[in-house]
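1. Build me a model:
(chains A and B)
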There are 2 protein chains.
Amino acid sequence: MTVSSFQPPARVLMGPGPSDVHPRVLAATARPTVGHLDPAFSAMMDEIKSLLRYAFQTENALTFPVSAPGSAGMEACFVNLIEPGDTVIVAINGVFGLRMKENVLRCGATPVVVEDDWGTAISLDKVAQAFRDNPGARALAFVHAETSTGVRSDAKALCTMAAESGALSIVDTVTGLGGIPVQVDDWGADAVYSGTQKCLSCPPGLSPVTFSDRAADVVRNRKTPVQSWFLDLSLVMGYWDGSGGRSYHHTAPVNALYGLHEALVMLREEGLEAAWARHDRLHHALVTGLQAMGLEMLVDEDHRLPQLNAVCVPEGVDEAAVRKALLDDYGIEIGAGLGALAGKVWRIGLMGQSCTPRHVTLCLAALEGTLARFQANIATGQAVAAAQRALAA
Amino acid sequence: MTVSSFQPPARVLMGPGPSDVHPRVLAATARPTVGHLDPAFSAMMDEIKSLLRYAFQTENALTFPVSAPGSAGMEACFVNLIEPGDTVIVAINGVFGLRMKENVLRCGATPVVVEDDWGTAISLDKVAQAFRDNPGARALAFVHAETSTGVRSDAKALCTMAAESGALSIVDTVTGLGGIPVQVDDWGADAVYSGTQKCLSCPPGLSPVTFSDRAADVVRNRKTPVQSWFLDLSLVMGYWDGSGGRSYHHTAPVNALYGLHEALVMLREEGLEAAWARHDRLHHALVTGLQAMGLEMLVDEDHRLPQLNAVCVPEGVDEAAVRKALLDDYGIEIGAGLGALAGKVWRIGLMGQSCTPRHVTLCLAALEGTLARFQANIATGQAVAAAQRALAA
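-> Okay, here's the model as predicted:
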């Protein structure tokens, strides 16, 4: 067996994540590794916690990145807050709500499922009814920004409902953070997890999380041990909380944290509000272009995530062939539909560094040319200009 | 709050890991991120699996890196193979054996502990007795290369004993892989996990694992679901097993995997036997130098890990002050004692890229100068020359 060094192909990442990583972040990732207990590294960890508090808009002490991808961040929230026998209301309107239910089951708890159609937002009425039917529910779990459908749900209303029912709120905003307002303290959310490879534009592999004081108390007062040693907050915090000196728990992913630090510095430089406005503006330009082509969006206008655009595949078009052509001819990656939406939608990401006029323009031009080549029934020659007019407006 | 880009200090990593990362691996880590389902990335994943089979000396189909540090690799072994009510014999002769016991408990299983003094190898007789006392034990868990003490135990004998008792073997070789022989098929081991930041000299963050066909059958025939969704092998393998097309499970840490690929290519170029010989040779040079200084090793000669050297702190020396001086004056990181050995030993790593004549020479010279400055009762002026003679022999 002879294996050579891997040279990745040149790509333009416009799927559901990872997004394009800025050269500054890549360069940070490649700085020489230091020890996970090095005093200089400890100081950087403190900066990451502060920067994450800014990104999450929270004062929560318990704010840090889990040393593994978003799925592990999700699991960290459930295994720490949920105990066997608990009842958890889980709102499902896409793949990641399903995954939350799976987490509840594996904690030995009982999920009460509130379902909404994929592509629609979580119904507040249904959740309110679920709380009336299950007054002792320990938590409400829901997805703020559903990566599988491109839907934004009303996090503040849902967290408020949970708090008023004496339940914890567990919120997935893997795709939200840095792209749309994520206001943890204003929402009154108890446990919120995200990912690095979406609107923060880091390489994948870390999951920023934040826990309210109320959630921290719940962890402290558990009756049973947390089923995961690796994700046990009471242990992890001995490492991430520098106040009493750091104690070894696991070896932190040092270089990945360099990258996250740099990406958060960049977010701070741009400013959260400016980043949100950029995502919003380019999303409107993209949608204007797609609609000028005659394509339809899956999600109604009021609930669209700017950073994740689910576009309906036109009748008779081989969706996988279109994605392959975009990748082969242009190096553009867009996402397929997941689960119930497989074959029915494309997911076009405008996340972080992949949310620029050049991404929107190239994507529209490439998609139009490709669809025309596949003889899809679309209007040609108008999409790019329409998007550019929207950008200029 | 104003936060600048993080510039790590220049370090020479000679602790218990991470070790120095080669510029080739750092450069690989910084290549542009591509999608975790990109066909080019999938091909690289297949190469990683092949290269890991070489490193582990196994034909196991189920061989891949867990997307999180070694502690998560440990947990992946336990949560997949152990079910509530199982009995697991756990050999403890250091910190990581203790952690294995903790994993057994969190799986709802019963640990039967076999203890040996920290700094000594696992007693085969005691384990044999434990099997006689617990004929229905589901597994034997032990640490091949104890990072907390620098002890190597007899993995082949222990795995054979487990197999003869109808039990699975779960083996920690986080510090072993790439530094000393790890021969999974020859041992007949069932589940083996490692880390990337030791003798493979990658940044921390991934945990290579391998499972025998027998272990894979046990996973398939479980009565209860795996308690971790993130680490559930039946799901993870849908992503890592390319034979039927990859299905999305979690977003792989793309850039960290670039780094692991490059490090494994480098290991292949050097050759496993050559890497083992290098660790052995430089270990002997280091020990010769330390002994010429009058320092004592914690572990008897037959059971020392070449890559992790536990050195007894001389009477009356402030061990933390010595480590701080090495770090401040020379940029050299060595490790403190852990657990029962805190304050009693230093741990000097010679792992992967940190296992070179320049590391041994610098470390001896710096340690000698520092100890002399702290007025320790040591012989001076002889350590470096003694090590150099050992290297020349």
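2. low pLDDT regions in chain A?
-> Counting by pLDDT under 70, chain A shows low-confidence ranges at A:1, A:242-244.
3. domains of it?
-> Following the assignment in automatic domain parsing, chain A carries domains at A:23-268, A:271-392.
4. For the closest residue to A:H250 other than its chain neighbours, give me its contacts.
-> Nearest residue to A:H250, sequence neighbours excluded (C-beta to C-beta, 6 or more residues apart in numbering or on different chains): B:S71, at 4.1 Å. Backbone N, C-alpha and C define where each C-beta goes, glycine included. Applying C-beta atoms under 8 Å, 6 or more residues apart in numbering or on different chains to B:S71 gives the contacts A:W229, A:F230, A:H249, A:H250, A:T251, B:R99, B:S207.
5. just these now: which is nearest A:I332?
-> Closest approach between the contacts of B:S71 and A:I332, by C-beta to C-beta: B:S207, at 33.1 Å.
6. For that closest one, give the beta-bridge partners.
-> Beta-bridge pairing of B:S207, defined through DSSP bridges, involves B:V66.
7. Make a markdown table from the contacts of B:S71 and add neighbour count and distance to A:D213 to it.
-> Below are those laid out as a markdown table (neighbours: other C-beta atoms under 10 Å in any protein chain shown; distance: C-beta to C-beta, whole Å):
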| residue | neighbour count | distance to A:D213 |
| --- | --- | --- |
| A:W229 | 24 | 24 |
| A:F230 | 32 | 24 |
| A:H249 | 19 | 21 |
| A:H250 | 25 | 25 |
| A:T251 | 27 | 29 |
| B:R99 | 21 | 29 |
| B:S207 | 27 | 33 |
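8. Turn these into TSV, columns for distance to A:E262 and secondary structure.
-> Shown next, in TSV, are the contacts of B:S71 (distance: C-beta to C-beta, whole Å; DSSP: H, G, I helix; E, B strand; the rest coil):
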residue	distance to A:E262	secondary structure
A:W229	30	coil
A:F230	26	coil
A:H249	24	coil
A:H250	22	coil
A:T251	21	coil
B:R99	32	helix
B:S207	25	strand
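9. Out of these, flag the one nearest to B:A387.
-> Nearest to B:A387 among the contacts of B:S71, counting by C-beta to C-beta, is A:T251 at 28.4 Å.
10. what's the neighbour count on the residue lying closest to the closest one once chain neighbours are set aside?
-> Excluding the flanking residues, the one nearest A:T251 by C-beta to C-beta, 6+ apart is B:P204, at 4.3 Å. By other C-beta atoms under 10 Å in any protein chain shown, the residues close to B:P204 number 29.
11. still on that earlier bit, dump the contacts of B:S71 into TSV; add distance to B:A366 as well.
-> Shown next, in TSV, are these (distance: C-beta to C-beta, whole Å):
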residue	distance to B:A366
A:W229	36
A:F230	35
A:H249	29
A:H250	29
A:T251	24
B:R99	32
B:S207	32
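12. Pull the distance from whichever strand or helix holds A:A72 to the chain's centre.
-> In the assignment (DSSP states H and E), A:A72 maps to helix A:70-81. Centroid separation between helix A:70-81 and its chain, computed with C-alpha atoms, centre = their mean, to the nearest Å, is 14 Å.
13. That one vs helix B:70-81, what angle?
-> If you take axes from the mean of the first three to the mean of the last three C-alpha atoms, to 10 degrees, helix A:70-81 sits at 70 degrees to helix B:70-81.
14. Tell me which residues touch A:T147, please.
-> By C-beta under 8 Å, 6+ apart, A:T147 lies in contact with A:P16, A:G17, A:G94, A:V95, A:F96, A:V174, A:T175, A:K198, A:L308, A:R347.
15. same deal with A:G150?
-> So A:G150 contacts A:G119, A:L298, A:V299, A:R304, A:L305, A:L308, A:N309, A:A310, A:R347 (C-beta under 8 Å, 6+ apart).
16. Can you say which of these are buried?
-> Among the contacts of A:G150, those scoring as buried are A:G119, A:L298, A:V299, A:R304, A:L305, A:L308, A:N309, A:A310, A:R347 (criterion: 16 or more other C-beta atoms under 10 Å in any protein chain shown).
17. For the last one, give me phi and psi.
-> Going back to what we said before, that points to A:R347. phi -120, psi 110 (degrees, to the nearest 10).
18. So it versus A:M44, what's the distance?
-> Distance of A:R347 to A:M44, computed by C-beta to C-beta, to the nearest Å: 34 Å.
19. ranges for the helices of chain A?
-> With DSSP state H as the criterion, chain A has helices at A:23-29, A:39-56, A:70-81, A:95-106, A:124-133, A:155-164, A:184-187, A:213-220, A:233-240, A:254-270, A:272-292, A:319-325, A:357-373, A:383-392.
20. Reformat these into CSV and put distance to B:I48 next to each item.
-> What follows is the helices of chain A, written out as CSV (distance: least, C-beta to C-beta, whole Å):
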stretch, distance to B:I48
helix A:23-29, 18
helix A:39-56, 27
helix A:70-81, 20
helix A:95-106, 25
helix A:124-133, 43
helix A:155-164, 38
helix A:184-187, 37
helix A:213-220, 36
helix A:233-240, 27
helix A:254-270, 17
helix A:272-292, 34
helix A:319-325, 24
helix A:357-373, 30
helix A:383-392, 40
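21. now, among the buried ones among the contacts of A:G150, which is nearest to chain B?
-> Chain B lies nearest to A:R347 out of those, by C-beta to the nearest C-beta, at 11.8 Å.
22. what's near enough to touch the closest one?
-> A:15-16, A:147-148, A:150, A:308-311, A:334-338.
23. How about it: what's its closest non-neighbour residue?
-> Closest residue to A:R347 apart from its sequence neighbours, by C-beta to C-beta, 6+ apart: A:G335 at 3.5 Å.
24. neighbours of that neighbour, just the number please.
-> A:G335: 25 surrounding residues under other C-beta under 10 Å.
25. hang on, it packs against A:W346?
-> Yes. Counting by C-beta atoms under 8 Å, A:G335 does reach A:W346; the two are 6.7 Å apart.
26. Could I get the phi/psi values of A:T224?
-> phi -120, psi 150.
27. hmm, back to that, with respect to A:A162, which of the contacts of A:G150 is nearest?
-> A:A162 has its nearest neighbour among those in A:L305, at 21.7 Å by C-beta to C-beta.
28. Just the closest residue of the stretch 101-250 of chain A to chain B, please.
-> Distance from chain B to each residue of the stretch 101-250 of chain A (C-beta to the nearest C-beta) is smallest for A:G205, at 3.1 Å.
29. for that residue, what are its contacts?
-> If a contact means C-beta under 8 Å, 6+ apart, then A:G205 has A:A68, A:P69, A:T196, A:Q197, A:P253, A:A256, B:S67, B:G205, B:P253, B:V254, B:N255, B:A256 as its contacts.
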